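**Q** Have a look at this prediction, sequence included:
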Amino acid sequence: MSRIPFKKYQGTGNDFVIVEGPIELSSAQIQQFCERKFGVGADGLIIMNRSSELDFDMFYYNSDGSSSFCGNGSRCAVLYAKHHGWISNKCEFTSNDGRHTAKIIGNWVEVAMHNVSEVVAFGEDCLINTGSPHYLSFRDEIAEMEVLNAARAIRYSKPFAQDGINVNFIEEREDGLAIRTYERGVEDETLSCGTGVTAAALAYASKYPEKGLLAVKVNTPGGNLEVKFVYGEQGFHDIYLCGPAQYVFQGEIDLI
């Protein structure tokens, strides 16, 4: 058994345990960290490393131990780096899907996402990969939906059962979008999903190209985010996921 120090951060209710490397954790140890009744409790775990080439490396693991890119996790990692004196107000870092840049204004963090070349139609819905794969469905009155059952029916359907997919239900509103997201790897609805919010904004922009949108505000159950982008013949570029992040608490945990 070893005692591991950690800090916890959250971005619009998407919460993360952050530990500094170099360290190797097994899937079972990551699950123990993230378990809400017997561990610290989190949607995922982030390992931070100082990098000689860039400002830092951050690698994200879902609460089941699987790895992927995480938008809100990246924003929290950037604030962590700021709090620990690794960066000032701008940075470049490596994550699960490669290099990203970011900037900070107070507790507002804007992370550059990778370009998205296509929105793939899937019946009346669509698929977009924003570092993690997302299924997007525009619905009415999503606050009244039984999201778990509806999302699991999609996530475990034949096309997606093996690799998994994040499932998003989106509602168009006068001031932007509202969204509810079921995340693979967590296998539950989360209060916010940064890559899902990004995918929702891009899906909305591609649905209404005549609007010439450059930014979309998205309301999640955990708070408000904004996605900025440029949309052209080659798809989406200069995409930024923007929103607040916050330090929550720190401690130590004994891992088996």
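**A** Here it is on my side, so go on.
**Q** what's near enough to touch residue 68?
**A** Neighbouring residues of residue 68 by Cβ atoms under 8 Å, 6 or more residues apart in numbering: 60, 62, 96, 131, 132, 185. For glycine as for every other residue, the C-beta is placed from the backbone atoms N, C-alpha and C.
**Q** Give the bridge partners for residue 235, please.
**A** residue 232 (DSSP bridges).
**Q** pLDDT at it, what is it?
**A** Here the pLDDT value assigned to residue 235 is 96.
**Q** what kind of secondary structure is the nearest residue to residue 96 once chain neighbours are set aside in?
**A** Among residues not flanking residue 96 along the chain, residue 69 sits closest, at 4.5 Å (Cβ to Cβ, 6 or more residues apart in numbering). Secondary structure, DSSP: H, G, I helix; E, B strand; the rest coil: residue 69 is coil.
**Q** Check residue 203 too.
**A** helix.
**Q** give me the number of residues near the closest residue to it other than its chain neighbours?
**A** Using Cβ to Cβ, 6+ apart and skipping the chain neighbours, the partner closest in space to residue 203 is residue 136 (4.6 Å). Look at residue 136: counted by other Cβ atoms under 10 Å, it has 24 neighbours.
**Q** again with residue 244
**A** 16.
**Q** Contact partners for it?
**A** Here residue 244 is in contact with 11, 12, 107, 108, 109, 223 (criterion: Cβ under 8 Å, 6+ apart).
**Q** can you check residue 161 too?
**A** residue 155.
**Q** Work out for me the element it sits within.
**A** Assigned by DSSP states H and E, residue 161 belongs to no helix or strand.
**Q** Kindly report the same for residue 33.
**A** Residue 33 belongs to helix 27-34 when assigned by DSSP H and E.
**Q** and after that helix, which helix or strand comes next?
**A** Following helix 27-34 toward the C-terminus (DSSP H and E): strand 44-50.
**Q** quick check: angle from the helix or strand just after that following strand to strand 44-50?
**A** Downstream of strand 44-50, the first helix or strand assigned by DSSP H and E is strand 56-62. Orientation of strand 56-62 against strand 44-50 (axes from the mean of the first three to the mean of the last three Cα atoms, to 10 degrees) gives an angle of 160 degrees.
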